[in-house]
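Trainee: Okay, structure incoming, though there's no sequence with it:
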């Protein structure tokens with residue numbers, strides 16, 4: 001029983017994603033009433049990112065490298081590498097939906113959630129989110145126009161105003177809530193539950209009259225996007241970037257914003273566009289949840305292996321000072 005309980009706790013995020021997806025398919029009736037709450041939920045996720053952190057903790061050099069790498073992958077590498085592949089297999093509104101989601105900014109909620117749960121730097125992820133949002137009104141329609149050979153009218157003013165309001169609410173709330181009031185466990189629980197609600201709303205509001213094979217291919221594209229992020233993250237680690245910053249790059253360079261994608265998708269197309277966006281998003285959440293679980297296991301294993309490494313070996317014989325000397329040295333290197 002204890003083993004089952006521990007397994008359920010370790011796989012909590014993955015279970016929430018699966019349950020939310022199934023619920024959206026089986027009982028979609030609550031999706032429409034919950035849709036107006038999406039900005040509030042995202043504001044809550046922004047609060048979890050800002051809470052307890054200070055911008056002064058990051059140097060400009062440490063800040064610029066991961067953010068720049070993430071944005072290049074998000075807006076250039078992912079769409080340029082994957083859209084031509086999608087165009088070979090898909091067509092019509094499904095292809096347009098893939099184009100919209102590949103051109104979208106960074107997910108304000110899920111990228112922060114998985115960065116937090118994966119041991120990354122959530123403040124750095126938040127900065128990347130903000131930078132991608134600032135660029136979105138220019139970069140997103142430009143990418144759509146280039147690949148789709150058509151222009152898409154976006155209400156830049158309303159988009160900027162809505163995003164600014166959401167970010168401001170989350171930031172102000174984090175500023176006025178005293179540190180220590182909310183625990184890390186509570187923040188993680190709220191984040192995972194909110195992510196489940198967002199997935200339910202997206203799945204429940206999407207039509208089912210789409211070829212499952214085509215949707216499966218869209219899912220493969222979502223996995224491919226995360227593989228590009230994983231390759232970039234490994235490359236950054238090989239060049240000496242901090243491990244927590246590399247985790248941030250992993251989850252901040254291809255996680256696409258579902259709410260912005262759906263908003264733009266509703267302008268350029270119909271239900272099949274939304275279905276493609278939803279399928280891409282859900283698969284990314286499922287794979288990211290699995291990655292987070294494996295990162296947690298790897299971190300726990302490395303910590304357990306580090307403990308014996310600091311334990312001094314017995315000296316060559318009783319009464320010598322060798323063991324005491326090693327203890328002192330081990331303590332110095334362990335600080």
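Mentor: Thanks, I have it. Please read all numbers here as calculations on a predicted model, not as lab measurements.
Trainee: I'd guessed residue 224 sits against residue 82; true?
Mentor: Yes: counting by CB atoms under 8 Å, residue 224 does reach residue 82; the two are 5.9 Å apart. (Each C-beta comes from the backbone N, C-alpha and C, glycine too.)
Trainee: Who has more neighbours out of the two?
Mentor: The residue with more neighbours, out of residue 224 and residue 82, is residue 82; 20 against 16, by other CB atoms under 10 Å.
Trainee: Run a quick neighbour tally on the nearest residue to the more buried one once chain neighbours are set aside.
Mentor: What sits nearest to residue 82 in space, not counting adjacent residues and going by CB to CB, 6 or more residues apart in numbering, is residue 221, at 5.4 Å. Residues within reach of residue 221, counting by other CB under 10 Å, total 23.
Trainee: Might one say that residue 221 is in contact with residue 86?
Mentor: Yes: the criterion here is CB under 8 Å, and residue 221 meets it with residue 86 at 5.9 Å.
Trainee: ranges for the helices of the stretch 201-335 of the chain?
Mentor: Secondary structure of the stretch 201-335 of the chain, counting by DSSP state H, counting those that start in this stretch: helices at 212-238, 243-252, 258-268, 271-309, 322-334.
Trainee: residues contacting residue 218?
Mentor: Residues in contact with residue 218, defined by CB atoms under 8 Å, 6 or more residues apart in numbering, are 86, 90, 94, 97-98, 276, 279-280, 283.
Trainee: In a markdown table: the residues you listed, plus distance to residue 255.
Mentor: Shown next, in a markdown table, are the contacts of residue 218 (distance: CB to CB, whole Å):
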| residue | distance to residue 255 |
| --- | --- |
| 86 | 18 |
| 90 | 21 |
| 94 | 21 |
| 97 | 17 |
| 98 | 16 |
| 276 | 16 |
| 279 | 15 |
| 280 | 10 |
| 283 | 11 |
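Trainee: what's the closest of these to residue 167?
Mentor: Residue 167 lies nearest to residue 280 out of the contacts of residue 218, by CB to CB, at 23.8 Å.
Trainee: Now do the closest one, the pLDDT please.
Mentor: The confidence metric pLDDT takes the value 91 at residue 280.
Trainee: Okay, and the residue nearest to residue 166 when sequence neighbours are not counted sits in which element?
Mentor: Excluding its sequence neighbours, the residue lying closest to residue 166 (CB to CB, 6+ apart) is residue 43, at 4.8 Å. Using DSSP states H and E, residue 43 falls within helix 38-50.
Trainee: if we can go back for a sec, show the contacting residues for the residue nearest to residue 82.
Mentor: Residue 221 neighbours (CB under 8 Å, 6+ apart): 82, 85-86, 98, 102, 280.
Trainee: 7 Å instead, please
Mentor: Each residue near residue 221 by CB atoms under 7 Å, 6 or more residues apart in numbering is listed here: 82, 86, 98, 280.
Trainee: Please apply the same query to residue 193.
Mentor: Going by CB under 7 Å, 6+ apart, residue 193 touches residue 16.
Trainee: Give me the phi and psi angles of it.
Mentor: Geometry field for residue 193 lists phi and psi as phi -60, psi -40, criterion degrees, to the nearest 10.
Trainee: One more: residue 177?
Mentor: Here is the backbone geometry of residue 177 (degrees, to the nearest 10): phi -80, psi 120.
Trainee: Could you pull up the contacting residues of it?
Mentor: Neighbouring residues of residue 177 by CB under 7 Å, 6+ apart: residue 51.
Trainee: Return the distance of it relative to residue 186.
Mentor: Look at residue 177 and residue 186: by CB to CB, to the nearest Å, they are 11 Å apart.
Trainee: what do you get for residue 247?
Mentor: Per CB to CB, residue 247 is found 22 Å from residue 186.
Trainee: got it, and residue 78?
Mentor: 33 Å.
Trainee: The two: which is more packed in?
Mentor: Between residue 78 and residue 186, counted using other CB under 10 Å, the more crowded position is residue 78 (25 against 11).
Trainee: looking at this, the more buried one is in a strand?
Mentor: No: counting by DSSP: H, G, I helix; E, B strand; the rest coil, residue 78 falls outside a strand, being helix.
Trainee: Next, the contact list for it, please.
Mentor: Residues near residue 78 by CB under 7 Å, 6+ apart: 102, 225, 228, 254.
Trainee: how about those, which pair is most distant?
Mentor: Taking CB to CB, the two most distant members of those are 102 and 228; they sit 11.2 Å apart.
Trainee: These two: who's more crowded?
Mentor: Legend: neighbour count by other CB under 10 Å for residue 102 and residue 228, higher for residue 102 (27 against 17).
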